[in-house]
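**Student:** Let me see the structure of the following:
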Amino acid sequence: MERHDLGGTAELATVPGRLARRSDLDEALTAWTSGRSREEVVHVLQAAGTPAAPVNDAHDLVEDQRLWSRRFFLTPDDGPGKRYPYPGLAVRTSAWARGSSRPAPRLGADRRRVLSACAGLTDKGITALKRVGITGEGPTPMGEGDFEFKTKGGA
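**Tutor:** Model prediction:
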């Protein structure tokens, strides 16, 4: 950062001292990072011996070629002409190197199997649940105002 005034004071060597000068430190860090890319900031910090890594969102991860080269993402067939990346396993073993080769089932796709195999219902019982609206084939369209969200202030 080339701000020797920040690194050489006894006041900033302690947590209470840094907390007392938090606004000064925030201002200095903002000025230093605002003119650099995220990658440059990480590189400079790591080169100086400071552990650093970028904070990535889901889009950043999908765009990361290192993850693709390590076969982290799976792209199973998700319907006619649809292929979407799904995260694979972060850790692999020789016994299970690729993880799942298919996406999770669509909402309701395995309803009949689950209700019969796990809950012991017959086809007649499953049909009765569907008829009265307890279960269905997929998501139910929501109407306006089905959910109300409130902010922290209660508004």
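**Student:** Any figure for the gap between the most centrally placed residue in the chain and S94?
**Tutor:** Among the residues of the chain, the one closest to the centroid is A58, at 5.4 Å (Cα atoms, centre = their mean). Distance check for A58 against S94: by Cβ to Cβ, to the nearest Å, it reads 29 Å. C-beta coordinates here come from the backbone N, C-alpha and C atoms, glycine included.
**Student:** Name the nearest residue to M1, ignoring sequence neighbours.
**Tutor:** For M1, ignoring the flanking residues on the chain, the nearest one in space by Cβ to Cβ, 6 or more residues apart in numbering is W32 at 4.9 Å.
**Student:** and that neighbour, which of the three is it?
**Tutor:** When states are read from DSSP: H, G, I helix; E, B strand; the rest coil, the local structure at W32 comes out as helix.
**Student:** Tell me, how many residues neighbour F72?
**Tutor:** A count of neighbours around F72, defined by other Cβ atoms under 10 Å, yields 19.
**Student:** doesn't V91 make contact with it?
**Tutor:** No. In this structure, F72 is not within contact of V91 by Cβ atoms under 8 Å, at 10.7 Å.
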